[in-house]
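Undergrad: got a structure for you, letters missing:
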């Protein structure tokens, strides 16, 4: 085991993928000589050369279109979108080409493209640098959408995404890039949990708390804080947003009777709405209360000085738990 930051774990996963398969090619803005704005690709151009780690022009549409051409030729391109809010110029290519070509060709064409997207807020950045666009892509049939939350998952899941014959949107919580954790760099993909499987991180009996990405650590902190008040939270890291692994969520809600979903993206049309609706359909007779969503606000992402009011934090998640339990909360108008 090695102690790595999440960013270094991603770097190690990319290095391993490049070494294992000469058809793997990395492309992105400033990923080569600079090593990426977050230094995730640091040193890879020097090790594997400019033909395998390619500094691209500033064109997300061009990046994705080039990746489609490479995939047609048998390569496994890995595209870095520098910041979440920059993905929109490539949106048409992703949803109209990348997601459709396998089906359009009756399975004869594969699109083994991995699109890395640093996402979410909490870094004090400017406009277009702190967004959470995952629901757009989870809504698009033909795409796999995953989000890592810790270094161990980052290392293994990125390798799994690159090895997949399906196109994968790989969301990386940028404010967790410097968080350290143990990583087994000798891990075999055959022995690792599939990237489409959710992980139950703590067992609980009172409320099921589901989240992904940067908020996983906040949810774990909430479970610790709630325990001090005698409340037992079961925390589930989704890991995969398309498809969603509903089995552990269902099993948990059938025991707890209560569900809270947290994510940074706005509430309307978000992942929380889909999970709440699906669990209500599957577990209606077991629910003791309506599912609760704790999310970002339905506004354009605010200036950096205001983002602490926008992002779900420990207090807002615990308030959501209180709502699910029928305890005094911010919406009840009664103070605890």
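TA: Here it is on my side, so go on. Keep in mind it's a predicted model, so treat the numbers as computed, not measured.
Undergrad: quick one: the helices in this protein?
TA: 6-20, 44-48, 60-72, 91-92, 101-104, 134-138, 151-163, 215-227, 247-256, 271-283, 307-310, 314-325 (DSSP state H).
Undergrad: of these, which approaches residue 331 most closely?
TA: Across those, residue 331 has its closest neighbour in helix 314-325 (6.3 Å, C-beta to C-beta). For the C-beta atoms, the positions are set from N, CA and C on the backbone; glycine is no exception.
Undergrad: before we move on, back to that, highest mean neighbour count out of the helices of the chain?
TA: helix 151-163 (a mean of 25; mean count of other C-beta atoms under 10 Å).
Undergrad: okay, the angle between that helix and helix 215-227?
TA: Orientation check (axes from the mean of the first three to the mean of the last three C-alpha atoms, to 10 degrees): helix 151-163 against helix 215-227 gives 150 degrees.
Undergrad: what residues go with each domain of the protein?
TA: Domain ranges of the chain: 2-191, 199-325, per automatic domain parsing.
Undergrad: can you put those in TSV and add distance to residue 333?
TA: Output for these, formatted as TSV (distance: least, C-beta to C-beta, whole Å):
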stretch	distance to residue 333
domain 2-191	29
domain 199-325	12
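Undergrad: got a markdown table for the ones you listed, with mean pLDDT and distance to residue 332 too?
TA: Shown next, in a markdown table, are the domains of the chain (pLDDT from 0 to 100; distance: least, C-beta to C-beta, whole Å):
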| stretch | mean pLDDT | distance to residue 332 |
| --- | --- | --- |
| domain 2-191 | 96 | 28 |
| domain 199-325 | 97 | 8 |
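Undergrad: shouldn't residue 153 be in contact with residue 240?
TA: No: counting by C-beta atoms under 8 Å, residue 153 does not reach residue 240; the two are 10.8 Å apart.
Undergrad: Could you report the neighbour count for residue 167?
TA: 29 (other C-beta atoms under 10 Å).
Undergrad: again, but for residue 228
TA: 7.
Undergrad: dump the residue contacts of the nearest residue to residue 298 once chain neighbours are set aside.
TA: Closest residue in space to residue 298, ignoring its immediate chain neighbours: residue 266 at 4.3 Å, by C-beta to C-beta, 6 or more residues apart in numbering. Taking C-beta atoms under 8 Å, 6 or more residues apart in numbering, we find residue 266 in contact with 295, 296, 297, 298, 299.
Undergrad: And the residue nearest the centre of the protein?
TA: residue 147 (2.0 Å; C-alpha atoms, centre = their mean).
Undergrad: and that one, what are its bridge partners?
TA: Bridge pairing for residue 147 (DSSP bridges) gives the partners residue 171.
Undergrad: Just to check, residue 68 is in contact with residue 111?
TA: Yes: between residue 68 and residue 111 there is a contact under C-beta under 8 Å: 7.0 Å.
Undergrad: still on that earlier bit, show me which of the contacts of residue 266 are buried.
TA: 295, 296 (16 or more other C-beta atoms under 10 Å).
Undergrad: Nearest to residue 125 among the contacts of residue 266?
TA: Taking C-beta to C-beta as the measure, residue 125 sits nearest to residue 296 out of those, at 14.7 Å.
Undergrad: For that closest one, give its distance to residue 272.
TA: Going from residue 296 to residue 272 by C-beta to C-beta, to the nearest Å gives 10 Å.
Undergrad: tell me, what's touching these two both at once?
TA: Contacts common to residue 296 and residue 272, judged by C-beta under 8 Å, 6+ apart, are residue 263.
Undergrad: For the residue lying closest to residue 267 once chain neighbours are set aside, give me its contacts.
TA: Leaving aside its chain neighbours, residue 267 sits nearest to residue 295 (4.2 Å; criterion: C-beta to C-beta, 6+ apart). Applying C-beta under 8 Å, 6+ apart, we find residue 295 in contact with 262, 263, 264, 265, 266, 267, 270, 272, 312.
Undergrad: again, 10 Å this time
TA: 132, 215, 261-268, 270-273, 310-312, 316, 320 (C-beta atoms under 10 Å, 6 or more residues apart in numbering).
Undergrad: How about residue 44?
TA: Counted by C-beta under 10 Å, 6+ apart, residue 44 has contacts 11, 14, 15, 18, 26, 31, 32, 35, 36, 52, 53.
Undergrad: And the fourth one, how close does it get to residue 310?
TA: Relative to residue 310, residue 18 is positioned 37 Å away (criterion: C-beta to C-beta).
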